[in-house]
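*Asks:* Structural data only, the sequence is not supplied:
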Ligand SMILES: [Zn+2]
């Protein structure tokens, strides 16, 4: 038996070292989207665009402020912030393009969270750890979709954390777009959540990675013109996760920026303080957040939709 007891700790140490992927679902390269540079986005950003945007607060929830904000940041300390339960919302955003149809940015929560919580796919230790008992699902994705005339043509995910793919069980197999290495990046945390991530994605065929190229203007890690007509843009903003993506949609009323969890909170956006323990790489997240705040400062009429709170402006 000695070899068994020798082997098991070694295997455990190896698992801790290499971690595992976010999901075991197949990954393919997206055929949608044309790589550009940020100057191409800036050339059209202030022109009225053809896309309409509807933001839906799918659920209300409470999580640790220390996850949402780096409380060790001097700007957070100067504001006297300490850890507490912070009220947040879980969103999905409907983007309607006159030619390409209905797309979603992120997915809110599944209908089972409201109607059959015992059958919801986020269960067990992960649910407990996520303070799932404080979640109130007000407008689940499926309940909203049942009232829409059109089907979802694709989902533009900001990243693959559970609270951004929580509504996927309400979707038939649908193209799911993610940033580079978002699914394949190995981490210790994934050992804990991969089962739930896979459960939420069950029934889907694959995730499709955006084919970013380096942004020649060095504002972002990469820039993609999603439909090739300059109406919707994907910006690679790594840090919160390896493949975190922000989006810009050009509407008749001007541009709308969707930050994903590169910025969770109104305080984070107003002060530039990056997320806390929910973020994988705080320094890189800070760089991406700074780039988003810069583009918003340069285009002050741009509307900003944050990861988990509304911005009063
Ligand atoms: Zn989130």
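*Replies:* Sure thing, it's come through. Just so it is clear, the model here is predicted, and its values are computed rather than measured.
*Asks:* Show me the contact partners of stretch 115-132.
*Replies:* 61-64, 85, 110, 112-113, 140, 162-163, 166, 169, 192-193, 195-196, 199-200, 202 (CB atoms under 8 Å, 6 or more residues apart in numbering). C-beta: built from backbone N, CA, C; applies to glycine.
*Asks:* Straight-line length of it, end to end?
*Replies:* 15 Å (CA to CA, to the nearest Å).
*Asks:* Any buried residues in it, and which?
*Replies:* The neighbour-count check on stretch 115-132 (16 or more other CB atoms under 10 Å) flags 120, 121, 122, 126, 127, 130, 132 as buried.
*Asks:* On the three-state scheme, the closest residue to the ion within the stretch 101-250 of the chain is what?
*Replies:* As assessed by CB to the ion, the ion sits closest to residue 163 within the stretch 101-250 of the chain, at 4.3 Å. Here residue 163 is helix, with the state taken from DSSP: H, G, I helix; E, B strand; the rest coil.
*Asks:* Residue 288 now?
*Replies:* helix.
*Asks:* what's around the nearest residue to it once chain neighbours are set aside, how many residues?
*Replies:* Spatial nearest neighbour of residue 288, excluding adjacent residues (CB to CB, 6 or more residues apart in numbering): residue 237 at 3.6 Å. Neighbourhood size, residue 237 [other CB atoms under 10 Å]: 31.
*Asks:* hey, where'd the helices end up in the stretch 51-200 of the chain?
*Replies:* Counting by DSSP state H, counting those that start in this stretch, the stretch 51-200 of the chain has helices at residues 65-68, 74-78, 112-115, 124-129, 141-145, 162-165, 188-201.
*Asks:* and the strand or helix carrying residue 235, what's its mean pLDDT?
*Replies:* Using DSSP states H and E, residue 235 falls within strand 232-236. In this model, strand 232-236 has an average pLDDT of 98.
*Asks:* After that strand, which helix or strand is next? Please name it.
*Replies:* That would be, after strand 232-236 and using DSSP H and E, strand 245-251.
*Asks:* packing partners for the helix or strand that that next one is followed by?
*Replies:* Sequence-wise, the next helix or strand downstream of strand 245-251 (DSSP H and E) is strand 254-258. Under the contact criterion of 3 or more CB pairs under 8 Å, 6 or more residues apart in numbering; DSSP states H and E, strand 254-258 touches strand 245-251, helix 282-298, strand 303-305.
*Asks:* Buried deepest among the ones you listed, which one?
*Replies:* strand 245-251 (a mean of 25; mean count of other CB atoms under 10 Å).
*Asks:* Output the contacting helices and strands for that one.
*Replies:* strand 52-64, strand 232-236, strand 254-258.
*Asks:* right, is the first one up against the ion?
*Replies:* When you say that, I think you mean strand 52-64. No. Remark: strand 52-64 sits outside contact range of the ion, by CB under 5 Å from the ion, the gap being at least 8.8 Å.
*Asks:* Return the list of strands paired to that strand, each annotated with direction.
*Replies:* In the sheet, strand 52-64 lines up against strand 85-97 (antiparallel), strand 136-137 (antiparallel) (DSSP bridges).
*Asks:* which of the ones you listed is buried the deepest?
*Replies:* strand 85-97 (a mean of 20).
*Asks:* Residue 35 is in what secondary structure piece?
*Replies:* strand 34-36.
*Asks:* Buried residues in that strand, which are they?
*Replies:* 35, 36.
*Asks:* Give the pairing partners of that strand; include direction for each.
*Replies:* Strand 34-36 is paired, per DSSP bridges, with strand 222-225 (antiparallel).
*Asks:* Not counting the partner strand itself, show me its contacts.
*Replies:* Taking CB under 8 Å, 6+ apart as the rule, strand 222-225 contacts 33-38, 40-41, 180, 210-215, 232-236.
*Asks:* Recalculate using a threshold of 10 Å.
*Replies:* 30, 32-42, 44, 177, 179-180, 210-217, 231-238, 245, 247-248 (CB atoms under 10 Å, 6 or more residues apart in numbering).
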